[in-house]
Structures are given as C-alpha cells and as structure tokens.
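Asks: Structure, please.
(2 chains, ligands or ions: 2)
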Amino acid sequence: MIKFVNISKVYDNGVRALSNVNITIEKGEFVFLVGPSGAGKSTLIKLILKEEDPTEGKIYLNDMDITRVKNRRIPYIRRNVGVVFQDFRLLPNKTVYENVAFAMEIVGAHPREIRRNVPMVLSMVDLSQKAHCYPDQLSGGEHQRVAISRAIVNSPPILIADEPTGNLDPETAWEIMKILRDINRRGTTVLMATHAKDIVDMMKQRVIAIEGGKVVRDEKKGVYEHEISNI
Amino acid sequence: MSMRFRIFKNILKQGFQGMWRNRGMGLASVSSITAVLVILGLVLIVILSINNVVVSTKSKFDEIQIFLEDEITEQQLNRIEEEVKGNKGVLSVIYQSKDQALEIMKEDWEDEAYLLEGLEENNPLQNSFVVQLKDIEYAESLVNDVKDLEGIDEVVYNQDIIEKLILFANYVRLGGLIIIGILILVSVFIISNTVKITVAARRREIEIMKYVGATNGYIRGPFIIEGLLFGLIGALISILIVNYGYSYFFNVVNDRLYVLFTVYLVPPSTLIKDVSIIFVAIGGGIGTLGSLVSLKRFLNV
Ligand SMILES: Nc1ncnc2c1ncn2[C@@H]1O[C@H](COP(=O)(O)OP(=O)(O)OP(=O)(O)O)[C@@H](O)[C@H]1O
Ligand SMILES: [Mg+2]
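Replies: Residues are numbered from 1 along each chain as shown, chains lettered A, B, ... in the order given. Ligands and ions are numbered 1, 2, ... in the order given. Alright, predicted model coming up:
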C-alpha cells in the first residue's frame, strides 16, 4: 500500500530530515508514527502527499512508483490519500455539510452522490445534528470530526493523520481515536503521527518510531517508548 | 463527460462569486480596460481615416508628367509616346503643349492670372506628356523605360507626397501602439492586483483544495474567469462608448455639411463590427493575462 525504499530527504536549507528510511505498510494496517519533535514525522507524511520530493530512494503508493511524477498528476495521487491535520483546516464561511461536500465537488462527484455520501459520513462521526452549523459554533473535537469526514468522504484507501489529537483534551482525543479505528476496521489503511503516549500504548497497533530522521523501532502491537532501563 | 461539465460549472460559479465579492476593486479593473479600449478605438478611427485619405489622394497622384526638350524631333517624340504606351501600368497618355500648359496655369491662378499676361510670345513652359497610371507603383518602371530616350528633359511624379502621408499614418499608428501598449500593461497590473485579493481571500480554501486533490485547472479556473469577466465588461462598455460617441460625432460633422471631411471618415456602421470583435478579444485577453500574472506571482500550485 505504502512503501518507502531507502528514502532520504535533505531540505534546501541543508537540514537532513530523513536518512535511509525503509518502511512497508500493508493494506488495512493501522500504524502509529512516533518520535521526538523534529524527528521527521511530518516530512515523511509530506513525501506521501507529494508536497516534497525525496532526495534519494523510492516511494510506492498502491504499487505505483510516485517518486517522481509530473505536477499534473499529483492531484490524482492525492485523491488516494485522505488527510487530517492538528489544526483541522475547515473553511469558516461554509457549514459543516458544505465543508464536507466541497471535497466531493472538487472531484466532480454527481450531486446525487454528494447528497447521499455527506450525510452518511456525518452520521458516522456523529455530527448529523450539526450539519448546518458553521465551524465557529463547533468544539475542537467536532472540528476534527468534520475534518475526518472531509478526508474520507471520497473513500480514499489511505487516511493520514498528522497529530490529529494534538489540540484536543484526552477525552475528546479518545472519541477521535474510536472514529479512526472504525474507519480502519472498514478497510482503510491509517497512518497517524502522534505524541500521545497513552493513546499509542492503549491501542496496541503497529508503531514505527523515528529519531533524527532514522527508523529506530518498528513493532507490531507496539508501545510509545520502552523504559529507559531496557536500553 | 457530465463530470467534467459539473467541474466546469463549479469553476464558473466560483469565478462569478469572486467577481461579485471583489466588485469594488473590480471597478478599477473595468475602468482601466475601458480606457485602453476607448483610446484604441480613437487610434483606429484616425488610422482608418488616414488610410482613406491616402487611398483617395493616391488616385489623384497616379499621374506623372514627362517634360520634353524644346528642340525635340518628331521622331524622338513618337519614340517616347510609343515607349510610354507600351508600359503595362499606363492608363492613358495625353500630349500637352506649352500653350495648353499656360492655359491650365492661368485657370489655376485665377485672380492672379494677369501676371501671366504676355508670356504667350516667349512661353517659358515646356511641352509634355501627361501620363495616367493604373497605380503610382508603376511610376518607377515607367521612368526606367524612358530615362535613356533622347529629347526628355525631366520626369516629375508625386510619389513623395504619398510617401509622406503614409509616413504620417505610420507615426500615428506607432504612437497609438505605444500608448496602447503602456495602457495594456497598466491594466494587466491593475487586474492582477484585483485578482490577487481574491487569491489572498481564498488562500485557506486553495490549500485545502490541494489536499483534497483539486487539479491546478480547478484551482486556477475561477480566478481566470474572474479576470476574463472584468475584461469582457470593460469591452462591452467601451464598445458602447466608441460606437455611440463616434456615431454622434459623425452625424454632427455631416449635419454641418462638412461633407468634404466626412468623405474621408470611416462610416460608423463599418466600424462597429470590427471594433466589437477587436475589443472583446483584447478586453478578454487583458483580463485573462492579468489573472495569469497574479496566479504566477501569488499562487504557487
Ligand atoms: N520546509 C522545510 N524546510 C527546511 N527544513 C524543514 C522543513 N520542514 C521541516 N524541516 C526540518 O526537518 C526536520 C524534521 O521536521 P518534521 O516537521 O518532519 O518533524 P516532526 O517529526 O514532524 O516534528 P513535530 O513532532 O514537532 O511535528 C526538522 O529539523 C525541521 O526543522
Ligand atoms: Mg510534525
């Protein structure tokens, strides 16, 4: 589904954000990406979204080599990947419904499909009641639920979340995690970068830890970090 | 196909929305395009009118005169006439004796003709052939044909005047083009700034659109349409101004019976169609270009 082969990324300013990273994520997996600030988690995500090109190595998405693609093709690659950010990124002048429908309009979906799918994903995240509210009338958790709805409304095979619970209190964060787990159970591959230790430890999913741009640990049913005494 | 149509409809809708939200600044864009086009219209009218003058003046000067030496022989005279008639550019040849030339001169001088009294005995004028050409362009070849013949004193033709007129028309054209060029740059700049405001207002939206997989065309389309609409509105207004303004001017001139003058003016009816096409093309072009400039500078998708 997602495959990094010997990936290195050096930014134009000389910062080496990733060195020789090898990762394979299979279809249907739920993967946490952990590591200290500046480790290179967001950089890795940007490579998948084609916001940045790798300096060395190869990236495959759905068995397709996306290492170097024409700009023209990037939008079509992104349609395979739903994405959620820490800061939600909703449009303030659109209602919840419109924010989600927007993602479908862009790809030219049929209005009938839009009328069917938007309420469906909104009910999945338990926001049917708020469909006609504007973002400033929503709580942080609700914001993120709208963002998730928008990310999955076109049914992409992959969902990427960069610290989706970073701005939320622990209880709300758990609501979001339940939703992400449900989405994963329906077959979507989920990749989530996070600093939330207790979430990672509780979920017992695959954990990939990076530090200083290198993969230092990759475990099935892993935890956020091992005790210092283990080292 | 219908998917493409829906996408196109979305883009169009957003373009109109952008224009409407931005209508305050849009006024500046539309005014600048209108100014460019109205001035372009004036330059066009002047150039076309000068062209008319050149064309009609040309026919008056499609004439050359071959002055003959006084002591020319009959044989030389016939030889020249033959040669002239043999040139394919010649319409007619008339022999004008020095007496006839004097008569014509007296008529031209009208009141001052008495000054010419007494010249009959010792006429200083020359016998000549007056040659009508199909077009002034043939003058050169005719001169070449006759220049080596005996008995010719001088060949006079008026290409100079026509060349000067054409030169004048060229200066007007050049001046007009420079002014219009500058104004077009100014308009493109104003439009690009107007569209920039829409781009800035929609920055978040654009970023989100990119993440959801909107194509560059989908993102750029609304801005291009916004610029295009400003351009087309400017074109429409200037078509109305030029058409009604010029018709009014033309009628006033005609009513005052300056018919001599209006002969050379382009009739408004022939102007309107060309002007409409040119204005729509240039107005739309400026608008689109303005958006493209701002997209290149402010929106890197
Ligand atoms: N656009 C950029 N240009 C230059 N350097 C960058 C750029 N983006 C990130 N970096 C650098 O690359 C390194 C990795 O950054 P990255 O954002 O991937 O870290 P991260 O793991 O996501 O950290 P955090 O947990 O704080 O979000 C950092 O040293 C950062 O300063
Ligand atoms: Mg980050």
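
Asks: Off-centre distance for stretch A:54-67?
Replies: With CA atoms, centre = their mean, to the nearest Å as the basis, stretch A:54-67 stands 18 Å off its chain's centre.

Asks: again, but for stretch A:35-49
Replies: From the chain centre to the centre of stretch A:35-49 is a distance of 11 Å (CA atoms, centre = their mean).

Asks: Using neighbour counts, pick out the buried residues of it.
Replies: A:Gly35, A:Ala39, A:Gly40, A:Lys41, A:Ser42, A:Thr43, A:Leu44, A:Ile45, A:Lys46, A:Leu47, A:Ile48, A:Leu49 (16 or more other CB atoms under 10 Å in any protein chain shown). Quick note: C-beta positions are derived from backbone N, CA and C, even for glycine.

Asks: Show me what from chain A comes close to chain B.
Replies: Taking CB under 8 Å from any CB of the partner chain as the criterion, chain A approaches chain B at residues A:49, A:71-72, A:75-79, A:83, A:89, A:91, A:102-103, A:105-111, A:150, A:154.

Asks: run the last query once more with 6 Å
Replies: The interface of chain A toward chain B, taken as CB under 6 Å from any CB of the partner chain, is made up of A:Pro75, A:Arg78, A:Arg79, A:Val83, A:Arg89, A:Leu91, A:Ala103, A:Glu105, A:Ile106, A:Gly108.

Asks: most neighbours, which of these?
Replies: Each of the residues of chain A next to chain B was scored by neighbour count (other CB atoms under 10 Å in any protein chain shown); the top score is that of A:Ala103, with 27 neighbours.

Asks: per-residue confidence at the closest residue to it other than its chain neighbours?
Replies: On the basis of CB to CB, 6 or more residues apart in numbering or on different chains, the spatially nearest residue to A:Ala103 that is not a chain neighbour turns out to be B:Val212, at 4.5 Å. For B:Val212, the pLDDT comes out at 89.

Asks: follow-up on the earlier one: near ligand 1, list only the ones from the buried residues of stretch A:35-49.
Replies: The subset of the buried residues of stretch A:35-49 within reach of ligand 1, counting by CB under 6 Å from any ligand atom, consists of A:Gly35, A:Ala39, A:Gly40, A:Lys41, A:Ser42, A:Thr43.

Asks: I'd like to know which of those is nearest to A:Asp218.
Replies: Set against A:Asp218, the nearest of these by CB to CB is A:Gly35 (11.7 Å).

Asks: which residues in the chain form strands?
Replies: Chain wasn't specified; assuming chain A. A:2-10, A:16-25, A:30-34, A:56-61, A:64-65, A:81-85, A:158-162, A:189-193, A:206-211, A:214-219 (DSSP state E).

Asks: my bad, chain B
Replies: Taking DSSP E as the criterion, chain B contains strands spanning B:63-68, B:90-96, B:128-133, B:152-157.

Asks: mind putting those in TSV, distance to A:Ser123, mean neighbour count and mean pLDDT included?
Replies: Supplementary listing: the strands of chain B in TSV, determined by distance: least, CB to CB, whole Å; neighbours: other CB atoms under 10 Å in any protein chain shown; pLDDT from 0 to 100:
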stretch	distance to A:Ser123	mean neighbour count	mean pLDDT
strand B:63-68	93	20	84
strand B:90-96	92	14	87
strand B:128-133	90	20	86
strand B:152-157	93	15	81
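
Asks: Next to chain A, which bits of the stretch 201-301 of chain B? Give me the list.
Replies: Contacts of the stretch 201-301 of chain B with chain A, taken as CB under 6 Å from any CB, map to B:Glu205, B:Ile208, B:Met209, B:Tyr211, B:Val212, B:Gly213, B:Ala214, B:Thr215.

Asks: Just the ones in helices from those residues, please.
Replies: Secondary structure defined by DSSP state H assigns B:Glu205, B:Ile208, B:Met209, B:Tyr211, B:Val212 of these to helices.

Asks: How about residue 37, nearest residue that isn't a chain neighbour?
Replies: The chain I'm using is chain A. Leaving aside its chain neighbours, A:Ser37 sits nearest to A:His195 (7.8 Å; criterion: CB to CB, 6+ apart).

Asks: please go with chain B instead
Replies: For B:Leu37, ignoring the flanking residues on the chain, the nearest one in space by CB to CB, 6+ apart is B:Ser238 at 3.6 Å.

Asks: residues in contact with that neighbour?
Replies: If a contact means CB atoms under 6 Å, 6 or more residues apart in numbering or on different chains, then B:Ser238 has B:Thr34, B:Leu37, B:Val38, B:Phe279 as its contacts.

Asks: PyMOL command for the buried members of those?
Replies: Selection command for PyMOL covering only the buried members of the contacts of B:Ser238, criterion 16+ other CB under 10 Å:
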select buried, chain B and resi 34+37+38+279
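
Asks: so which of the contacts of B:Ser238 also contact ligand 1?
Replies: Under the cut-off given by CB under 6 Å from any ligand atom, ligand 1 has nothing from the contacts of B:Ser238 close to it.

Asks: In JSON lines: the contacts of B:Ser238, plus pLDDT.
Replies: Converted to JSON lines, those look like this (pLDDT from 0 to 100):
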{"residue": "B:Thr34", "pLDDT": "90"}
{"residue": "B:Leu37", "pLDDT": "88"}
{"residue": "B:Val38", "pLDDT": "90"}
{"residue": "B:Phe279", "pLDDT": "91"}
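
Asks: mind listing what the residue nearest the centre of chain B touches?
Replies: Centroid-nearest residue in chain B: B:Ile47, 3.6 Å away (criterion: CA atoms, centre = their mean). Taking CB under 6 Å, 6+ apart, we find B:Ile47 in contact with B:Val172, B:Arg173.

Asks: Quick check: pLDDT value at it.
Replies: B:Ile47 carries a pLDDT score of 77 in this model.

Asks: quick revisit: nearest to chain B, out of the buried residues of stretch A:35-49: which one, please.
Replies: Checking these against chain B by CB to the nearest CB gives A:Leu49 as the nearest, at 7.1 Å.

Asks: nearest spatial neighbour of B:Gly231, skipping sequence neighbours?
Replies: For B:Gly231, the nearest residue in space outside its immediate sequence neighbours is B:Gly287; the separation is 2.4 Å by CB to CB, 6+ apart.

Asks: Counting neighbours, what do you get for the one you found?
Replies: That count, for B:Gly287 with other CB under 10 Å as the rule, works out to 30.
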